[in-house]
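K.L.:
Just a sequence and a predicted model for now, questions to come.
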Amino acid sequence: MSLNTSYPTSTPRLGTGFSIFTSAFACLVVMLIILEQLGLAQDTISQLIIALPVLFYAAIGILVRTTSVEDFFISGARVPPLYNGFALSANLVSGAGLLGLIGCFFFIGYDALPVLLGWCAGLGVTTILLAPYVRKVGAYTLPGFLGIRFSSSLLRLVAALLLFPPVLMLLAAEFRIGQLIAATFLNFDSQLMLQIGVALLTASVILGGMRSLTWTQCAQFIVLLLGISVPLIAISVLLTNLPLPQLSFGSVLEETSQLEVGRGLIDGGVRPLGAALPGADPVALTRPFVAIFQSLGPGDFLALTLCIMLGTAVLPAQIARLSTPPNVSGVRKSFGWAALFVGLIVLTIPAYAAFTKFQVMKQLLGVPAAQIPDWGNLLSQLGLISLSANPLDPALGDAKVLFNRDSVALILPILNEFPFVMTGLVGAAALGAVLAAAGGQLVSLATAFSNDIFYLFNRSTSPARRLLVARAAMIVFAIAAYSVTVRGDLDPLRLMIWAVSLCAGCFFAPLVMAIWWRGLTWFGALSGMVAGFGVTAAYIVLTEGGGVPWLGIDGLTAGVIGVPVSIGAAILGSTLSPKPSSAILEIADEMRVPSGETIHARLTRLAARGKAPKP
């Protein structure tokens with residue numbers, strides 16, 4: 001069989017375009033700092049620094065619109081590795097992850113490490129076990145990969161249906177964080193701001209799909225890096241004389257530990273994972289930063305790390321990006337860049353939280369109520385902290401200063417009395433992370449519906465109809481996630497962890513076994529998915545409903561139960577079903593050859609000649 005070794009040409013002049021965008025954003029920040037010194041109101045600053053980048057993202061998405069199926073679903077398979085690395089990193093970090101983890105480190109210190117470790121380990125697992133082989137198949141989606149691997153329409157359909165709940169949960173978590181940012185910076189009704197944000201997000205990806213998503217995510221990740229790094233570097237220079245906060249906050253931690261002892265923040269004992277992770281409601285500081293295994297026990301620490309690692313490795317939005325580079329080598333390089341960028345974020349989050357906690361311990365906690373500085377009242381007015389005091393007691397103790405976990409990242413520039421633009425810069429970074437991750441979830445949902453449900457039953461439909469269905473699906477899923485967001489009192493971080501846990505329990509074992517075990521059958525893969533999803537979801541519902549955890553495993557880490565159940569069900573299902581056919585075994589062998597045209601491209605070519613069914 002002859003192989004087509006030609007690859008799509010990468011999009012040119014990207015470096016110039018994004019350099020111009022970065023320069024324009026930096027100029028906007030500098031201009032607003034100058035205007036603030038000249039008396040520009042904070043409300044106007046907030047509106048400009050939050051709204052202008054969002055409008056620019058929408059403009060990028062609209063300008064790169066497309067009517068090509070390949071462009072819409074996999075960005076034409078010509079995304080250079082560097083920019084695919086930007087997009088992979090933006091998908092993974094997300095607004096819920098960024099703000100939630102800075103807040104967790106602020107409250108429980110290094111006991112918040114499992115999520116960061118899981119991110120890094122998950123990238124490694126994807127790079128080694130999955131990425132080259134999923135790219136060689138060339139499917140548009142995770143269900144599409146399974147459908148081609150096993151030549152099973154039923155397996156593909158079920159995988160698509162099981163994909164929807166966790167991805168919708170991730171989308172709702174991002175919407176809630178976006179609503180929080182809008183409520184903080186824009187003096188409008190939060191529900192109205194959420195509706196406008198959802199509409200702008202949908203507009204930015206609806207015309208171009210993955211192509212629009214790719215280039216908007218690159219811009220959003222640039223804003224994320226700048227927005228988090230610039231205030232942190234400035235504070236690091238002020239406190240340590242070094243512009244490397246990730247490596248220079250050791251001395252700050254020493255002083256923080258002394259202040260914690262002086263303020264009475266001592267070890268309060270290990271608690272279950274669900275109780276140890278700070279919630280979304282305002283709470284007081286009670287735990288030291290440096291101590292480890294003081295809030296979480298080693299068992300919960302390991303379980304959460306494993307759960308995040310396995311779920312991160314098979315996130316549908318990440319799997320969908322594996323077909324966007326030109327070839328298998330491009331995928332490997334993409335993950336090399338993603339490891340660099342995510343590693344930078346992983347090092348930045350603890351440093352950011354450490355500098356914030358040091359300033360809070362030094363300047364705010366234990367200060368008499370009458371001596372609270374003006375910036376403390378500003379934090380209270382913005383809703384970033386809650387201040388209360390007994391008028392008969394002049395001392396304002398720890399229990400009377402409450403912090404919102406998801407707002408901790410926004411208070412650092414104000415603590416240091418930087419221009420308010422710097423606070424807006426952090427807000428723009430967080431909103432960029434929200435839009436990048438939410439866009440990834442929305443496109444993965446729409447692509448799965450269009451390709452793995454609609455197209456599955458309408459093989460003769462035109463490309464234009466497939467794109468129309470995908471665009472309509474984006475609107476429907478955006479409305480569904482919006483409805484979930486406004487209906488309940490959601491905790492974005494917990495919702496994100498539950499969703500990742502569901503992905504781990506449902507998809508990890510079947511996906512890995514589909515690549516590395518030739519004997520896995522379509523029925524075994526189906527059994528593994530259904531059993532893993534069912535057990536993981538049931539355990540979450542059981543523990544959240546007040547049920548007693550099995551073996552002390554928290555509902556947040558239900559995936560560590562779902563994965564072994566999924567493995568067992570896949571093995572049992574494969575044993576009880578007929579062995580794979582020679583054609584399926586040929587696909588299993590071919591996808592481990594890291595060169596030549598993709599299996600999807602070959603099947604499409606053969607289908608055009610009437611020699612194979614459409615993939």
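P.N.:
On my side now, so go ahead.

K.L.:
and the nearest residue to residue 537 once chain neighbours are set aside, what element?
P.N.:
Leaving aside its chain neighbours, residue 537 sits nearest to residue 502 (6.4 Å; criterion: CB to CB, 6 or more residues apart in numbering). Yep, even glycine has a C-beta here, placed from its N, CA and C like the rest. Here residue 502 is covered by helix 492-503, with elements defined by DSSP states H and E.

K.L.:
what's the longest helix in the protein?
P.N.:
helix 328-363 (DSSP state H).

K.L.:
what about the next helix or strand after that helix, distance to the chain center?
P.N.:
With elements assigned by DSSP H and E, the helix or strand that comes after helix 328-363 is helix 374-381. Relative to the chain's own centre, helix 374-381 is displaced by 31 Å; criterion: CA atoms, centre = their mean, to the nearest Å.

K.L.:
who's in contact with helix 374-381?
P.N.:
364, 367, 385, 386, 387, 411, 414, 415, 417 (CB atoms under 8 Å, 6 or more residues apart in numbering).

K.L.:
ok, the residue lying closest to the third one once chain neighbours are set aside - how many residues close by?
P.N.:
Think residue 385. Leaving aside its sequence neighbours, residue 385 sits nearest to residue 379 (CB to CB, 6+ apart; 4.6 Å). Look at residue 379: counted by other CB atoms under 10 Å, it has 25 neighbours.

K.L.:
cool, residue 278 as well?
P.N.:
26.

K.L.:
Mind pulling the model confidence for the spatially closest residue to it that is not a sequence neighbour?
P.N.:
Distances taken as CB to CB, 6+ apart place residue 107 nearest to residue 278, at 4.2 Å, with adjacent residues excluded. On pLDDT, residue 107 comes in at 92.

K.L.:
quick one: residue 107 is in a strand?
P.N.:
No - under DSSP: H, G, I helix; E, B strand; the rest coil, residue 107 falls outside any strand and is assigned helix.

K.L.:
Setting aside sequence neighbours, what's the nearest residue to residue 282?
P.N.:
Of all residues beyond its chain neighbours, the one nearest residue 282 is residue 402 (3.7 Å), with distances taken as CB to CB, 6+ apart.

K.L.:
which residues touch residue 536?
P.N.:
Here residue 536 is in contact with 501, 502, 504, 505, 506, 558, 559, 561, 562 (CB under 8 Å, 6+ apart).

K.L.:
Could you do residue 73 as well?
P.N.:
Contacts of residue 73 (CB under 8 Å, 6+ apart): 140, 209, 210, 447, 450, 451, 470.

K.L.:
sorry, back to before: mean confidence (pLDDT) on the helix holding residue 502, please.
P.N.:
96.

K.L.:
Do you know the pLDDT at residue 385?
P.N.:
At residue 385, pLDDT is 84.

K.L.:
I figured it hits residue 405, correct?
P.N.:
No - using CB atoms under 8 Å, residue 385 makes no contact with residue 405, being 11.5 Å away.

K.L.:
which parts of the longest helix of the chain are buried?
P.N.:
328, 330-335, 337-339, 341-343, 345-346, 348-362 (16 or more other CB atoms under 10 Å).

K.L.:
What residues sit buried inside the helix or strand containing residue 307?
P.N.:
Residue 307 belongs to helix 298-313 when assigned by DSSP H and E. Using 16+ other CB under 10 Å as the test for burial, helix 298-313 gives 300-301, 303-313.

K.L.:
Which pair of those residues spans the longest distance?
P.N.:
Between any two of the buried residues of helix 298-313, the greatest separation by CB to CB is 20.4 Å, found for 300 and 313.
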